[in-house]
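Student: My questions concern the predicted model and sequence given below.
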Amino acid sequence: MASSQPLKGIELIDCAKANAPQGIATAAQLCGYGSDMNKFDRELKLACQNIGVQFQELSDLITDQQMMQSGMGIEVAPDTPSEL
(Lines give C-alpha, C1' and ligand atoms only; values in the text may rest on other atoms or scores of the structure.)
Protein backbone atom coordinates (compact mmCIF):
# COMPACT_ATOMS: atom_id res chain seq x y z
CA MET A 1 0.00 0.00 0.00
CA ALA A 2 1.38 3.39 -1.00
CA SER A 3 2.09 5.93 1.70
CA SER A 4 -0.19 8.99 1.64
CA GLN A 5 2.73 11.24 2.66
CA PRO A 6 6.34 11.04 1.48
CA LEU A 7 8.27 8.91 3.94
CA LYS A 8 11.46 10.20 5.58
CA GLY A 9 14.35 8.73 7.50
CA ILE A 10 14.43 5.06 8.48
CA GLU A 11 10.82 4.55 7.30
CA LEU A 12 11.87 5.66 3.81
CA ILE A 13 14.87 3.35 3.85
CA ASP A 14 12.77 0.39 5.00
CA CYS A 15 10.11 1.01 2.36
CA ALA A 16 12.68 1.54 -0.41
CA LYS A 17 14.59 -1.60 0.59
CA ALA A 18 11.42 -3.71 0.60
CA ASN A 19 10.40 -2.44 -2.83
CA ALA A 20 13.82 -2.10 -4.49
CA PRO A 21 13.53 -5.35 -6.50
CA GLN A 22 10.45 -3.91 -8.28
CA GLY A 23 12.41 -0.86 -9.50
CA ILE A 24 12.71 2.81 -8.70
CA ALA A 25 9.33 3.83 -10.15
CA THR A 26 7.44 1.35 -7.95
CA ALA A 27 9.56 2.13 -4.88
CA ALA A 28 9.05 5.89 -5.30
CA GLN A 29 5.29 5.41 -5.70
CA LEU A 30 4.95 3.16 -2.65
CA CYS A 31 7.13 5.40 -0.49
CA GLY A 32 4.82 8.36 -1.14
CA TYR A 33 6.77 10.21 -3.83
CA GLY A 34 4.47 9.39 -6.75
CA SER A 35 6.33 9.87 -10.01
CA ASP A 36 8.91 12.30 -8.57
CA MET A 37 11.84 9.90 -8.71
CA ASN A 38 14.43 12.69 -8.38
CA LYS A 39 13.02 13.81 -5.03
CA PHE A 40 12.71 10.17 -3.93
CA ASP A 41 16.36 9.53 -4.82
CA ARG A 42 17.53 12.73 -3.11
CA GLU A 43 15.58 12.01 0.10
CA LEU A 44 16.73 8.39 0.15
CA LYS A 45 20.37 9.41 -0.21
CA LEU A 46 19.95 11.92 2.62
CA ALA A 47 18.26 9.34 4.86
CA CYS A 48 21.04 6.81 4.21
CA GLN A 49 23.73 9.43 4.80
CA ASN A 50 22.13 10.36 8.14
CA ILE A 51 22.48 6.80 9.44
CA GLY A 52 25.89 6.15 7.89
CA VAL A 53 24.79 3.81 5.10
CA GLN A 54 26.66 4.14 1.84
CA PHE A 55 24.14 4.50 -0.99
CA GLN A 56 24.59 5.28 -4.68
CA GLU A 57 21.51 3.77 -6.31
CA LEU A 58 18.42 1.83 -5.33
CA SER A 59 19.97 -1.54 -6.19
CA ASP A 60 22.48 -0.99 -3.36
CA LEU A 61 19.61 -1.73 -0.94
CA ILE A 62 18.78 -5.12 -2.46
CA THR A 63 20.02 -7.84 -0.13
CA ASP A 64 21.52 -11.16 -1.18
CA GLN A 65 18.44 -12.88 0.21
CA GLN A 66 16.15 -10.75 -1.97
CA MET A 67 18.29 -11.57 -5.02
CA MET A 68 18.10 -15.29 -4.30
CA GLN A 69 14.32 -15.15 -3.86
CA SER A 70 13.88 -13.38 -7.17
CA GLY A 71 16.18 -15.79 -9.02
CA MET A 72 19.03 -13.31 -9.49
CA GLY A 73 21.55 -15.50 -7.67
CA ILE A 74 23.19 -18.80 -8.45
CA GLU A 75 22.56 -22.16 -6.85
CA VAL A 76 25.56 -24.11 -5.62
CA ALA A 77 24.80 -27.80 -5.31
CA PRO A 78 26.24 -31.17 -6.33
CA ASP A 79 25.23 -32.58 -9.72
CA THR A 80 23.71 -35.72 -8.24
CA PRO A 81 22.51 -36.82 -4.76
CA SER A 82 25.34 -39.37 -4.63
CA GLU A 83 27.89 -36.55 -4.74
CA LEU A 84 26.69 -35.14 -1.40
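Tutor: Everything's here; your move. Note that the structure is a prediction, hence the values are computed from the model and not measured. Numbers count the residues shown, from 1 in each chain.
Student: Could you point out which residue ranges in the chain have low pLDDT?
Tutor: Scanning the chain for pLDDT under 70 picks out the ranges 1, 63-75, 83-84.
Student: can you give me the helices in it?
Tutor: Applying DSSP state H to the chain gives helices spanning 9-19, 24-28, 37-51, 64-69.
Student: Show me what counts as buried in the second one.
Tutor: Buried positions in helix 24-28, judged by neighbour count with 16 or more other Cβ atoms under 10 Å: 24, 27-28. (Each C-beta comes from the backbone N, C-alpha and C, glycine too.)
Student: Can you add distance to Glu11 and give those residues back as JSON lines?
Tutor: As requested, those are arranged in JSON lines below (distance: Cβ to Cβ, whole Å):
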{"residue": "Ile24", "distance to Glu11": "18"}
{"residue": "Ala27", "distance to Glu11": "13"}
{"residue": "Ala28", "distance to Glu11": "14"}
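Student: Among those, which one lies nearest to Ser35?
Tutor: Nearest to Ser35 out of the buried residues of helix 24-28 is Ala28 (Cβ to Cβ; 7.1 Å).
Student: Tell me which of the helices of the chain approaches Ala77 most closely.
Tutor: That would be helix 64-69 among those, by Cβ to Cβ, at 13.0 Å.
Student: Pick the most deeply packed of the helices of the chain.
Tutor: Most buried of the helices of the chain by mean neighbour count (mean count of other Cβ atoms under 10 Å) is helix 24-28; its value is a mean of 19.
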